[in-house]
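Colleague: With the sequence up front, the predicted model follows.
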Amino acid sequence: MIKDVMVRLDGGSGDDARLAAATQIAEIFQSHITGLFFNVVPDEFSGANVNQAARAPDAGDAVETLLFQRLTRLHQPTNLRRFDVAGVLDIAETALPVVRTADTFVALRPNDRLNEPEELIRDLLFGTGRHLFLVPDDWIGFTPLDNIVVAWNGSRESARALAESLPFLHQASKVGVLVVEREHQNKNDNLKANDAILHLRHHGINAVKYRAFGKEDETADVLIAECRSLGASLLVMGSYGHSQLHDLLPGSTTSRILRRSPVPLLIAH
């Protein structure tokens with residue numbers, strides 16, 4: 001079950017989408033929401049303006065008060081944790097041990113803007129051992145998470161994502177396991193995902209198999225197109241590739257899905 005929902009909050013416009021997703025998950029599972037506020041305090045000894053460093057705690061106090069008020073207006077039990085960090089790069093290091101104790105971590109998917117530092121998403125994906133629940137910037141959370149597509153390639157990462165997604169799959173009315181096949185198949189490729197389907201049915205989840213076709217460098221585009229075609233409300237996938245570096249290289253399947261998924265993304269490594 002999903003009982004501990006953690007969500008990064010910064011007082012900006014991105015909090016609307018983050019809180020919409022966290023609230024929706026908490027309503028489904030009757031969960032506790034913990035907001036994580038990382039207040040970046042410039043290091044006055046590393047060349048930062050002294051006056052700016054002196055004002056930073058006051059600015060952080062104002063944001064903390066705003067976030068506390070937003071959380072207390074929710075209908076779920078909540079709390080807010082504040083961490084003063086020296087810079088953006090310190091956020092991930094501070095967040096890692098905390099997020100490892102959560103059932104899910106909600107954030108915006110990376111979008112080449114400052115709303116969600118890519119380094120944070122990368123480090124949490126590869127370092128927490130838990131899944132991330134990433135939403136588009138404009139997510140409002142009103143779409144039921146009842147039509148879930150699981151991207152399956154038989155890898156360890158896809159197995160991790162499948163296991164992490166079971167609470168969500170149990171709540172869905174429609175679950176599909178999607179395999180992206182290549183032009184030249186061997187005799188075992190046609191059986192791919194059959195064991196995953198059987199596993200889900202042992203869990204009482206009546207999953208069906210979807211097949212799509214595309215070259216290896218087209219996988220992200222195929223997954224996105226299939227999600228749209230199937231009307232998916234959530235995409236579950238493991239990080240593609242064989243290393244942290246490969247998975248998030250520009251143009252890689254994982255990187256492209258993170259930046260372009262039109263629906264919320266549950267991703268694990």
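Modeller: Alright, I've got the coordinates.

Colleague: Dihedrals phi and psi, the residue lying closest to residue 29 once chain neighbours are set aside?
Modeller: What sits nearest to residue 29 in space, not counting adjacent residues and going by CB to CB, 6 or more residues apart in numbering, is residue 2, at 4.2 Å. The C-beta positions use only the backbone N, C-alpha and C, and glycine is treated the same way. In terms of degrees, to the nearest 10, the main-chain angles of residue 2 are phi -100, psi 100.

Colleague: Next, count neighbours for residue 2.
Modeller: The tally of other residues near residue 2 (other CB atoms under 10 Å) stands at 20.

Colleague: mind listing what it touches?
Modeller: Shown in contact with residue 2 (CB atoms under 8 Å, 6 or more residues apart in numbering): 25, 28-29, 31, 103-104, 167-168.

Colleague: Recalculate using a threshold of 7 Å.
Modeller: By CB atoms under 7 Å, 6 or more residues apart in numbering, the contact set of residue 2 is 25, 29, 31, 103-104, 167.

Colleague: What's the PyMOL line that selects buried ones from these?
Modeller: Command for PyMOL that selects the buried part of these, burial taken from 16 or more other CB atoms under 10 Å:
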select buried, resi 25+29+31+103+104
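
Colleague: CSV please, covering the contacts of residue 2 and showing secondary structure and distance to residue 258.
Modeller: What follows is the contacts of residue 2, written out as CSV (DSSP: H, G, I helix; E, B strand; the rest coil; distance: CB to CB, whole Å):
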residue, secondary structure, distance to residue 258
25, helix, 19
29, helix, 24
31, coil, 24
103, coil, 21
104, strand, 16
167, helix, 22
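
Colleague: Closest one of the contacts of residue 2 to residue 93?
Modeller: Nearest to residue 93 among the contacts of residue 2, counting by CB to CB, is residue 104 at 20.4 Å.

Colleague: do you know how far that closest one is from residue 91?
Modeller: 18 Å (CB to CB, to the nearest Å).

Colleague: again with residue 232
Modeller: Counting by CB to CB - residue 232 and residue 91 are separated by 30 Å.

Colleague: Point out where the stretch 1-150 of the chain drops to low pLDDT.
Modeller: 43-57, 112-115 (pLDDT under 70).
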